[in-house]
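Asker: could you work out the structure for the sequence below:
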Amino acid sequence: MITTSLVQAIPQGVDYIRILPELILSAFGIVIMLLDPLVDEERSQKTLGLIALAGTIAGLLSTWHMAQSPGLAFSNMVRVDSFSVFFHFLVIAIAAVVILSSFEYMAVQKIRAGEYYALILFGAVGMALMTSAVELVLIFIALEISSISTYILTGFRRNEASSSESSLKYFLLGSFATAFFLYGVAMMFGATGSTNIDIISRSLQAGPVQVLVYVAMALMFVGLGFKVAAAPFHIWTPDVYEGAPAPITGFMSTAPKAAAFAVLLRVVFAINAPGRFWLIWVAAALSMTLGNVGALVQTNIKRLLAYSSIAHAGYLLVAFAMTSPENSATGISAAMFYTAAYAAMNVGAFAVVSHFANAGERYVTLEDYEGLGRTSPLLAATLTIFLLSLIGIPMTGGFFAKFYVFSAALKANLIGLTLIGVINSAIGAYYYLRIIVMMYMRESRKEVPVARIPFGLGIALATSMVATLYLGLLPNRILQNAQQSAQDLLRQRVPNPTNAAQTQPSEAVQPY
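Answerer: Below you'll find the predicted structure:
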């Protein structure tokens, strides 16, 4: 009797270890919500923020423990491997940097902090769960957890009409997008009899593919395309990014995208579904072109970076167009490296924007940045590094990210898509350099107060800058981890007649 109980308890304990980061982030979010009414409003900004930061640090540490127990959990709904560990670390690290950059922002904007930090943690829970889920229904639930948190965070500047408008627009369009994804899941179930990614993959490889599978893939791509702001599902992006609090804009432009791209990688490469090439090819070309052309005419820096985000989603989608078996691993690893590099430079750029904007986010136009190189040399230099990385200048993470994607695309004979990407990179360089010219080569026409960089924001900027330069100077380790993750992901689509629950990997995943 006792032996039977122990045998049943051990697998259950391993299951919980495999979702340990999500459990820790949820626990800290609940603690923040409980303490919020008990803490004085003035003290809540840093007190609750420090608790949230501690939660993200604990979550990052727990990914190491999770990596020591690879395998399937909760009736084959969750898989822990190097792929999911990579994205867990990335999503939680982004949340930590955003929390650090929010300390000063919340105080300056006079926004109560409790639910703000809790929602960041809860959103990170959904995003992390998306990266390890191998059950489409669980992916949908995790997507909703992530989406509901970001819907609310977008409207957190309650005194600004633009913030409320952006929250409502994001909620309405996001609800339609998730409905498309859910319809796709239902049709995939109708075509294959399962919503488990492993079973779906085996079913598609075992027999002729039904038309319903093509429809299901298209509908799921619509839902995920909305989350990554890929054209033609990008219309919401400029308005939502402009109205949301600046740190949340940095969060939305990186963490949910990383999670959605992780899901898309599983759907595209693990399921190995047919008919995806032209869909992704067109979305990548449209995203790069519309994003860069739209950014050329923007005068608001948040809208400019929003269009930039659309363009970078297009660059990243180039890696998804590599459909042949010999190029799939290269495409996956290039996409993962690009996601990490883009997260580092973009969350850092929005951290600078959030500090410079001041109360009410009054200073967000390009004219406001005139002369910043003289009034605040450190802030201008920091932003310049992030912008150069977004362009793709050597010695930055952005350079190697584009290099890996475009070189992999050339090896896969995607010459047309590569040419479109290179031309768009040249177009993008114009509006990034335009900001640098404003900071260093123009005289300020109005007085813009620039406060001293506080300690928390300084750590956030330093972390983003170190990550950006590290990925540009020493990219090999991260790329090796991405390549190992790609191999793990592709190994899952090989038909395996044995019971998946009995074939757990025995080796621990290399922690990041």
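Asker: ok, the nearest residue to Glu361 once chain neighbours are set aside - contacts?
Answerer: With sequence-adjacent residues excluded and distances taken as CB to CB, 6 or more residues apart in numbering, Glu361 is closest to Ala246, at 6.5 Å. Using the backbone N, CA and C atoms, a C-beta is placed for each residue, glycine as well. Shown in contact with Ala246 (CB atoms under 8 Å, 6 or more residues apart in numbering): Tyr105, Lys302, Phe350, Val353, Ser354, Ala357, Glu361, Val364.
Asker: skipping adjacent residues, who's closest to the second one in space?
Answerer: Spelled out, it's Lys302. Distances taken as CB to CB, 6+ apart place Glu242 nearest to Lys302, at 4.8 Å, with adjacent residues excluded.
Asker: sec struct for that neighbour, please.
Answerer: helix (DSSP: H, G, I helix; E, B strand; the rest coil).
Asker: just checking, it touches Arg303?
Answerer: Yes. Contact criterion CB atoms under 8 Å: Glu242 and Arg303 qualify, at 5.2 Å.
Asker: neighbour count winner among the two?
Answerer: Glu242 (23 against 20; other CB atoms under 10 Å).
Asker: roughly how far apart are that one and Thr154?
Answerer: The spacing between Glu242 and Thr154, counted by CB to CB, to the nearest Å, is 11 Å.
Asker: and if you look at Ser44?
Answerer: Ser44 sits 21 Å away from Thr154, going by CB to CB.
Asker: so which of the two has more stuff around it?
Answerer: A count of neighbours by other CB under 10 Å puts Thr154 above the other of Ser44 and Thr154, at 26 against 21.
Asker: if we can go back for a sec, now distance to Gly59 and secondary structure too, for the contacts of Ala246, in TSV please.
Answerer: TSV is the format used below for the contacts of Ala246 (distance: CB to CB, whole Å; DSSP: H, G, I helix; E, B strand; the rest coil):
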residue	distance to Gly59	secondary structure
Tyr105	22	helix
Lys302	28	helix
Phe350	21	helix
Val353	26	helix
Ser354	23	helix
Ala357	28	helix
Glu361	29	helix
Val364	31	coil
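Asker: so which of the residues you listed wins on neighbours?
Answerer: Top of the contacts of Ala246 by neighbour count (other CB under 10 Å): Phe350, with 30 neighbours.
Asker: show me what contacts the closest residue in space to that one that isn't next to it in sequence?
Answerer: Closest residue to Phe350 apart from its sequence neighbours, by CB to CB, 6+ apart: Gly250 at 2.9 Å. Applying CB under 8 Å, 6+ apart to Gly250 gives the contacts Val98, Ser101, Asn346, Val347, Ala349, Phe350, Ala351, Val353, Ser354.
Asker: so who does the last one touch?
Answerer: Going by CB under 8 Å, 6+ apart, Ser354 touches Ser101, Ser102, Tyr105, Pro245, Ala246, Pro247, Gly250.
Asker: which of those lies closest to Ala319?
Answerer: Closest approach to Ala319 among these (CB to CB): Gly250, at 23.0 Å.
Asker: and the pLDDT at the residue nearest to Phe350?
Answerer: Reading off the confidence values, Gly250 has pLDDT 93.
Asker: so which helix or strand takes in it?
Answerer: Remark: Gly250 resides in helix 246-252, with elements defined by DSSP states H and E.
Asker: pretty sure Glu41 contacts Gly114?
Answerer: No. Using CB under 8 Å, Glu41 makes no contact with Gly114, being 9.2 Å away.
Asker: of these two, who's got more company?
Answerer: Using other CB under 10 Å as the criterion, Glu41 and Gly114 rank with Gly114 on top: 23 against 11.
Asker: pretty sure that one contacts Leu35?
Answerer: Yes. The criterion here is CB under 8 Å, and Gly114 meets it with Leu35 at 7.4 Å.
Asker: contacts only, for Ala142.
Answerer: Gly126, Met127, Leu129, Met130, Ala133, Ala259.
Asker: which strand or helix spans it?
Answerer: Taking DSSP H and E as the definition, Ala142 sits inside helix 136-154.
Asker: tell me the helix or strand right after that helix.
Answerer: That would be, after helix 136-154 and using DSSP H and E, helix 161-192.
Asker: rewinding a little: now the angle between helix 161-192 and the helix holding Ala142, please.
Answerer: In terms of direction (axes from the mean of the first three to the mean of the last three CA atoms, to 10 degrees), helix 136-154 departs from helix 161-192 by 180 degrees.
Asker: got phi/psi on Thr365?
Answerer: The phi and psi values for Thr365, taken as degrees, to the nearest 10, are phi -90, psi 160.
Asker: kindly apply the preceding question to Ala73 instead.
Answerer: Phi and psi for Ala73, reported as degrees, to the nearest 10, are phi -140, psi 160.
Asker: cool, Thr254 as well?
Answerer: Note on Thr254: its backbone torsions stand at phi -130, psi -60 [degrees, to the nearest 10].
Asker: next, count neighbours for the closest residue to it other than its chain neighbours.
Answerer: What sits nearest to Thr254 in space, not counting adjacent residues and going by CB to CB, 6+ apart, is Ala343, at 4.2 Å. Using other CB under 10 Å, Ala343 has 26 other residues around it.
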